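missing the sequence, but the structure's below:
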């Protein structure tokens, strides 16, 4: 633990994580690709698989361009009920730094989903995120956003990135 | 985006937003009027209406005095099941500043409601808040608290302010 | 209210509260005993009892050693369905300081529980925590963690500490 490292960078990384959440919740999902480095990776997997060392992920994009493609496909090709997410992010900690000066950051998330037609809200997914964040440029960017959700039930149903 | 502005003021605005949440959750609702400027406005509206440009809001008080009246009426006139809220606030970002030096702040909220008699808890309302916060006085105050909830189902049921 | 005290210590106390949450959610519950002072107290009680001045608590350990015992018993003796918690912590405020220089800190929590076998998630417990935090040593530690949950329904069912 390095509390000084945490205190130095917590405002910057919290800002980045908040920006990601608001972009998705406000239906400006395209924005999240701007919050990645061009070579940035975005992975969403289940805790069940992670705990067993299984490599399967439900999203695993290896560049901002690939993430943009996925979002475009969501906008154009997918058919699904109109819905909003609401992210709750908390327990953000800067836990270390790599040799290449990327910050290692963990946080918790819970995502609630509201269907536009009925107004019904459900707990959609909760879990933790283990991020590598690049704070060396003019603005912070994700080098890797690795989200692990606690449930198994969400696997076939995730259309909008979390 | 102005990350320096965010970092300078995040602790102050987070404190204010937290104070609002605790006051309501602790059943000290009168306190929230003290967290407004005397000319402060408090608005609660649905995303459904906001997205369509409809002006209808379920709460829209234009001064701290008007908010105090509303709370007094809640205490004295309304009949409703004893209940507690629990706020979860996150993703707080200072996103800009007006010409009159009010901070523009956005955040996400989720409110859970527990009925005292049964102990049952439901997801009551989630959404975002777009606040104008005055940090020029001795203590921070809301100049406008504009809360937009994601669901439509809550509309006729909100007795206690969120 | 002392906003300067809050701003000075918020990063340190947020780090400690986050560490507690991640330890439990990651199934490293033993870690929370390390986050207590050796003479630290950990209490979990219902709001129903707290509001009536009833002393009954569902957990009340008076030292880190006693908390370790309780966790050991959970690991070895209890039989229960495999489950994960997910904490959401927010609205953290440093509200004062004792004569012995312990920080008085309040925060809100919501805990969601996922059953491993089914993947089902429920709202498990929400409430507030009133902590005394010692920041005078090399690392912050809880002198007292006093958690008060809003519901009454959880009382007989809590196996894993929150």
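Arrived safely, thanks for sending. Just so you know, these numbers come straight off a predicted model, no measurement behind them.

the helix or strand of chain A with the lowest mean pLDDT packs against which elements?
One helix or strand of chain A scores below all others by mean pLDDT, DSSP states H and E: helix A:47-51, with a mean of 90. Judged by 3 or more CB pairs under 8 Å, 6 or more residues apart in numbering or on different chains; DSSP states H and E, helix A:47-51 is in contact with strand A:141-149. All C-beta spots, glycine's among them, are computed from the backbone N, C-alpha and C.

how far does the strand it packs on sit from the chain's center?
5 Å (CA atoms, centre = their mean, to the nearest Å).

and that strand, is it in reach of chain B?
No: applying CB under 8 Å from any CB of the partner chain, one finds strand A:141-149 separated from chain B by no less than 12.3 Å.

for that strand, packing partners?
Where contact means 3+ CB pairs under 8 Å, 6+ apart, strand A:141-149 is packed against helix A:3-25, strand A:36-46, helix A:47-51, strand A:121-134.

the first one: what's the following helix or strand?
Stepping forward along the backbone from helix A:3-25, the first helix or strand reached (DSSP states H and E) is helix A:31-34.

and the contacts of that following helix?
Helix A:31-34 has contacts (CB atoms under 8 Å, 6 or more residues apart in numbering or on different chains) with A:19-20, A:23-24, A:42, A:64-65, A:67-68, A:71, A:161.

could you redo the last one with a cut-off of 10 Å?
Where contact means CB atoms under 10 Å, 6 or more residues apart in numbering or on different chains, the residues beyond helix A:31-34 that reach it are A:19-24, A:28, A:40, A:42, A:61, A:63-72, A:139, A:141-142, A:145, A:161-162.

mind listing what's buried along that helix?
The neighbour-count check on helix A:31-34 (16 or more other CB atoms under 10 Å in any protein chain shown) flags A:32-33 as buried.

pLDDT (mean, whole number) over it?
The average pLDDT within helix A:31-34 is 97.

same thing with stretch A:14-24?
Per-residue scores along stretch A:14-24 average to 98.

ok, it near chain B or not?
Yes: Stretch A:14-24 reaches chain B (CB under 10 Å from any CB of the partner chain) through A:14-22.

helix or strand right after whichever strand or helix holds residue A:75?
Here residue A:75 sits within helix A:64-76, counting by DSSP H and E. Once the chain leaves helix A:64-76, the next helix or strand it forms, by DSSP H and E, is strand A:83-97.

who in chain A is up against chain C?
A:1, A:3-4, A:6-8, A:10-11, A:14, A:46-48, A:51, A:88-95, A:106-110, A:122-128, A:149-155.

so how far is stretch A:11-25 off the chain centroid?
Using CA atoms, centre = their mean, the offset of stretch A:11-25 from its chain centre is 9 Å.

just send the helices and strands packed on strand A:141-149 back as JSON lines, with distance to residue C:34 and mean neighbour count too.
Compiled in JSON lines, the helices and strands packed on strand A:141-149 are given as follows (distance: least, CB to CB, whole Å; neighbours: other CB atoms under 10 Å in any protein chain shown):
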{"stretch": "helix A:3-25", "distance to residue C:34": "15", "mean neighbour count": "20"}
{"stretch": "strand A:36-46", "distance to residue C:34": "29", "mean neighbour count": "19"}
{"stretch": "helix A:47-51", "distance to residue C:34": "23", "mean neighbour count": "17"}
{"stretch": "strand A:121-134", "distance to residue C:34": "20", "mean neighbour count": "22"}
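
report the contact partners of the spatially closest residue to residue A:5 that is not a sequence neighbour.
Leaving aside its chain neighbours, residue A:5 sits nearest to residue A:94 (5.5 Å; criterion: CB to CB, 6 or more residues apart in numbering or on different chains). Taking CB under 10 Å, 6+ apart, we find residue A:94 in contact with A:1-10, A:12-14, A:103-106, A:131, A:133, A:135, C:11, C:15.

so the residue of chain A positioned farthest from its centre, which state does it fall into?
Within chain A, residue A:118 marks the point farthest from the mean C-alpha position, 26.5 Å out by CA atoms, centre = their mean. What DSSP: H, G, I helix; E, B strand; the rest coil gives for residue A:118 is coil.

low-confidence stretches in chain A?
Where chain A drops to pLDDT under 70, the residues are A:78-79, A:153-157.

list the residues that contact residue A:5.
Residue A:5 makes contact with A:94-97, A:103-104 under the criterion CB under 10 Å, 6+ apart.

ok so, going back, ok, the residue farthest from the centre of chain A touching residue B:151?
Yes: Residue A:118 is in contact with residue B:151 according to CB atoms under 10 Å; the separation is 9.1 Å.

which of the contacts of residue A:5 are buried?
Listed as buried from these are A:94-95, A:103-104; burial here means 16+ other CB under 10 Å.

tell me which of these is nearest to residue C:36?
Among those, residue A:95 lies closest to residue C:36 (CB to CB), at 20.3 Å.

now do the contacts for the residue nearest to residue A:135 when sequence neighbours are not counted.
Excluding the flanking residues, the one nearest residue A:135 by CB to CB, 6+ apart is residue A:12, at 5.6 Å. By CB under 10 Å, 6+ apart, residue A:12 lies in contact with A:94, A:103, A:105, A:133, A:135, A:139-140, B:3, B:6-7.

how about residue A:158?
Contacts of residue A:158 by CB under 10 Å, 6+ apart are A:44, A:58-59, A:111, A:124-125, A:149.

is it in a helix, a strand, or coil?
Strictly by three-state DSSP, residue A:158 counts as coil.

state the distance from it to residue A:131.
Distance of residue A:158 to residue A:131, computed by CB to CB, to the nearest Å: 19 Å.

chain neighbours aside, what residue packs nearest to residue A:14?
residue A:92 (5.4 Å).

right, I mislabeled it, should have said residue A:41
residue A:144 (4.6 Å).

just checking, next helix/strand downstream of the least confident helix or strand of chain A?
That would be, after helix A:47-51 and using DSSP H and E, strand A:59-61.

which residues touch that next one?
Looking at strand A:59-61 with CB under 10 Å, 6+ apart, the contacting residues turn out to be A:33, A:36, A:40-45, A:66-71, A:145-147, A:158, A:161-162.
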